[in-house]
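**Q** Generate coordinates for the sequence data below:
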Amino acid sequence: MLPGTKPPRRRDAIGTRRLLLQAAFREVYKSGFQGTDIDTIIRAAGVTKGALYHHFASKEALGYAIVDEVVTEITLEKWVRPLQNPGDPIAAIIAIIDSTSLAPDDLRGGCPLNNLAQEMSPLDEGFRKRIDKVFGDWLGAIAGALRDGQKHGLVRDDIDPNDIAGFVIATYEGYISLTKSSQDPRMLESGKRNMARYLGSLRAPQKRKLRSSV
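**A** Below you'll find the predicted structure:
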């Protein structure tokens with residue numbers, strides 16, 4: 001180190017890594033992993049190629065980090081954390097679905113997790129395993145909330161929480177894909193209504209209170 005210079009601050013390295021991840025996520029979301037090159041990412045992040053390779057050994061390593069850190073965090077924030085000990089699991093799941101954005105950029109882009117699953121899971125085992133884990137966490141969150149609802153008499157006891165969780169995810173992702181294809185927000189609005197009706201049918205029947213005889 002030259003006299004009079006200061007060692008690089010750790011928070012600067014962390015900030016650079018975060019900039020790279022966020023820029024890479026945005027570009028991959030827009031153009032796909034295979035359609036995005038390193039030069040585009042470093043321009044978007046405003047860093048050097050050397051900085052990128054300091055933090056990520058390869059484009060694949062950067063892609064894995066996008067799934068492990070960015071896409072995983074999106075899923076945790078939207079689905080997993082809100083379903084931890086919900087007072088009413090059915091209402092909580094409906095609220096999450098209803099919160100899905102109808103903004104044009106989001107309709108155009110679709111679901112980042114499903115985009116990568118469709119593009120990269122058949123091609124790269126590292127991607128496939130990571131994406132499968134995110135889906136597994138998502139499924140587990142829904143199933144766990146439904147199971148808790150069964151224990152408290154809020155969800156029908158004749159359903160299998162894991163089966164329902166898989167169906168909910170598949171239906172939700174299907175509507176997102178249809179909306180991405182049509183670019184028509186009415187498709188997603190219809191999906192929200194239909195899923196709310198279906199989820200409402202999973203509520204446990206209310207037991208009638210017996211009237212005391214006079």
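
**Q** in which helix or strand would I find residue 94?
**A** Element membership of residue 94, judged by DSSP states H and E, is helix 89-98.

**Q** average pLDDT across that helix?
**A** For helix 89-98, the mean pLDDT works out to 97.

**Q** for the spatially closest residue to residue 149 that is not a sequence neighbour, what are its contacts?
**A** Once flanking residues are discounted, residue 149 sits nearest to residue 155: 3.4 Å by CB to CB, 6 or more residues apart in numbering. Glycine gets a C-beta too; all of them are placed from N, C-alpha and C. Residues near residue 155 by CB atoms under 8 Å, 6 or more residues apart in numbering: 89-90, 146, 149, 161, 202-204.

**Q** what's the spacing between the residue nearest the centre of the chain and residue 68?
**A** Of all residues in the chain, the one closest to the mean position by CA atoms, centre = their mean is residue 75, 3.1 Å from it. From residue 75 over to residue 68 the distance is 11 Å, taken as CB to CB, to the nearest Å.

**Q** Tell me where the chain is predicted with low confidence.
**A** 1-11, 207-214 (pLDDT under 70).

**Q** how is this protein carved up into domains?
**A** Under the assignment automatic domain parsing, the domains of the chain span 10-56, 59-200.

**Q** Can you list the buried residues in the lengthiest helix in the chain?
**A** The longest helix of the chain (DSSP state H) is helix 125-151. Neighbour-count burial for helix 125-151, counted by 16 or more other CB atoms under 10 Å, picks out 127, 130-131, 134-135, 138-150.

**Q** That helix to helix 89-98, inter-axis angle?
**A** Computed with axes from the mean of the first three to the mean of the last three CA atoms, to 10 degrees, the direction of helix 125-151 lies at 140 degrees from that of helix 89-98.

**Q** helices and strands around helix 125-151, which ones?
**A** Counting contacts by 3 or more CB pairs under 8 Å, 6 or more residues apart in numbering; DSSP states H and E, helix 125-151 packs against helix 59-65, helix 72-75, helix 89-98, helix 112-120, helix 161-182.

**Q** Minimum distance to residue 42: which of the ones you listed has it?
**A** When these are compared by CB to CB, helix 59-65 sits nearest residue 42, at 10.7 Å.

**Q** what distance separates that closest one from the centre of its chain?
**A** How far helix 59-65 lies from its chain's middle: 18 Å, per CA atoms, centre = their mean, to the nearest Å.

**Q** What is that helix packed up against?
**A** Contact here means 3+ CB pairs under 8 Å, 6+ apart; on that basis helix 59-65 packs against helix 10-31, helix 125-151.

**Q** angle of the first one against helix 112-120?
**A** Compare the direction of helix 10-31 with that of helix 112-120 by the same axes, to 10 degrees and you get 70 degrees.

**Q** list the helices and strands helix 10-31 packs on?
**A** Applying 3+ CB pairs under 8 Å, 6+ apart, one finds that helix 10-31 contacts helix 38-45, helix 49-55, helix 59-65, helix 112-120.
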